[in-house]
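> just to be clear, the model below is a prediction. Sequence and coordinates:
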Amino acid sequence: MTERIIIDPLICNGRPVVKGTRITVQTVLEFLAAGDSVADVLEEYPSLTKEDVNACLGWVSRLMSNHFHFAALS
C-alpha cells in the first residue's frame, strides 16, 4: 500500500497522492463519500487502478487507527 501512496512536498503541496499522479487521496475519498462507485472513480481518472483506490482507503484506515487527543475547548 505505501508504495502506491506518496507524500512529496513538491507534489500537491505535500498532500498524499497516488504515486505517478497528481490525484490526491482526498479526491478519491471525496468521490466515494459522495456516493460514487469505484467504477465511477476509475472512469473519471483512467490513470488509476482499482488497487490505487483500495490503497487510498487502506492508507486512510491506517491513519485513522492512530490515537487522537483533543484539548478541551474553553
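Now that the structure is in, tell me what you want to look at.

> hey, let's count contacts and neighbours off CA atoms from now on
Fine.

> hey, where'd the helices end up in the protein?
Under the criterion DSSP state H, helices of the chain are mapped to 25-33, 38-44, 50-64.

> rebuild the ones you listed as CSV, extending it with mean pLDDT, mean neighbour count and distance to residue 7.
Converted to CSV, these look like this (pLDDT from 0 to 100; neighbours: other CA atoms under 10 Å; distance: least, CA to CA, whole Å):
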stretch, mean pLDDT, mean neighbour count, distance to residue 7
helix 25-33, 98, 16, 10
helix 38-44, 98, 14, 21
helix 50-64, 94, 15, 12
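
> right, and those - which one's nearest residue 4?
Comparison of those against residue 4 by CA to CA identifies helix 50-64 as nearest, at 6.5 Å.

> ok so, going back, show me the one of the helices of the chain that comes nearest residue 19.
Of those, nearest to residue 19 by CA to CA is helix 50-64, at 8.8 Å.

> now the helices of the chain as CSV including distance to residue 16?
Below are these laid out as CSV (distance: least, CA to CA, whole Å):
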stretch, distance to residue 16
helix 25-33, 6
helix 38-44, 17
helix 50-64, 9
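
> please name whichever of those is nearest to residue 13.
Proximity to residue 13 (CA to CA) singles out helix 25-33 among those, at 12.9 Å.

> what's the closest of the helices of the chain to residue 3?
The closest approach between residue 3 and any of the helices of the chain, judged by CA to CA, belongs to helix 50-64 at 9.1 Å.

> who does the closest one touch, helix- and strand-wise?
Packing partners of helix 50-64 (3 or more CA pairs under 8 Å, 6 or more residues apart in numbering; DSSP states H and E): strand 5-6, helix 25-33, helix 38-44.

> swap the cut-off to 6 Å and go again
Contacting helix 50-64 under the criterion 3 or more CA pairs under 6 Å, 6 or more residues apart in numbering; DSSP states H and E is no other helix or strand.
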